Structure formats: structure tokens, C-alpha cells
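Chemist: Pasting the sequence and the predicted coordinates here, then a few questions.
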Amino acid sequence: MTGITGPSRKNTFVLTIRDTDEVAAALRQALAEASPEERPGLERAAALVESTAAATETRLRARWVRSRLAAAGFTGDVGSVAAVKALRQAEPRLSLLAAVQLQREAVAHPE
């Protein structure tokens, strides 16, 4: 889960909150109690949670940028000026500096 926080546009930053430990624990518990029919799906879910938990905060922010751009209907080049503009329109509280920094992370970490 990611959100924007900060007292002013000048100091706005993106805060990454990770709760994958709780999700992984719940999946392990469910897997321990699962029937043979349920096991393959739960094993796949557990593997997905583990791979997501291994992602760095930079990768998570890059993923967040791409998701915000997609939600805003932006389909152009993530490295473009238009992408920064679309990101700031999607998230009006982002400062220009924060939007550019986030854009650079998204460019550096393509999916």
C-alpha cells in the first residue's frame, strides 16, 4: 500500500507501507490447514507474496507511478514530460520535484 503524505507541496513524498509479513503468515496458516485441492492455489499465492515482499521500496514506488499513470489513462512514454504532468494531475499534492524523482524511479525500474 502506498500513499502520499507531507505537510506541504514542497515536502510531499510517497510513503510505502508494507504488510506482506501478515499476509504471508495468514497464507502459511491457511496452507497448513488446506485440503489437497486447495494447496496448489495457496502455494501459488504464497510464492507471489514472497516475490512481492522481496521488492525494494524503489521498485514499489516505480510500480505505484505506473499504476497512477494507468489509472489516469496515460499511455505514453513514462520518461516524458507528459508523464510528469499526468502524474501531477493524478496526484495534485505531488510537488514537481517529487513527481520527477518518482518518474526517474519508474524509468529505472521497468516492469
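Modeler: Good, I have the coordinates.
Chemist: Low-confidence bits of the protein, can you list those?
Modeler: 1-17 (pLDDT under 70).
Chemist: redo that, cut-off 90
Modeler: 1-25, 48-61, 93, 110-111 (pLDDT under 90).
Chemist: which residues of it fall in helices?
Modeler: Using DSSP state H, the helices of the chain run over 20-32, 39-53, 57-71, 81-90, 96-108.
Chemist: Save the ones you listed as CSV, and put in mean neighbour count too.
Modeler: All C-beta atoms are positioned from the backbone trio N, CA, C, and that covers glycine. As requested, those are exported to CSV (neighbours: other C-beta atoms under 10 Å):
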stretch, mean neighbour count
helix 20-32, 13
helix 39-53, 13
helix 57-71, 18
helix 81-90, 18
helix 96-108, 18
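Chemist: Disregarding residues adjacent in the polypeptide, which is nearest to residue 105?
Modeler: Distances taken as C-beta to C-beta, 6 or more residues apart in numbering put residue 62 closest to residue 105, at 4.6 Å, once the chain neighbours are dropped.
Chemist: doesn't residue 101 make contact with the one you found?
Modeler: No - applying C-beta atoms under 8 Å, one finds residue 62 not in contact with residue 101, separated by 11.0 Å.
Chemist: ok, the nearest residue in space to residue 55 that is not next to it in sequence to residue 83 distance?
Modeler: Closest residue to residue 55 apart from its sequence neighbours, by C-beta to C-beta, 6+ apart: residue 63 at 7.6 Å. Residue 63 sits 15 Å away from residue 83, going by C-beta to C-beta, to the nearest Å.
Chemist: just residue 52 next, same as before
Modeler: In terms of C-beta to C-beta, residue 52 sits 24 Å off from residue 83.
Chemist: Also residue 48?
Modeler: Taken as C-beta to C-beta, the span from residue 48 to residue 83 is 28 Å.
Chemist: tell me how far stretch 70-80 is from the chain's mean position?
Modeler: Taking the mean of its C-alpha atoms, stretch 70-80 sits 15 Å from the chain's own mean (C-alpha atoms, centre = their mean, to the nearest Å).
Chemist: Noted, bye for now.
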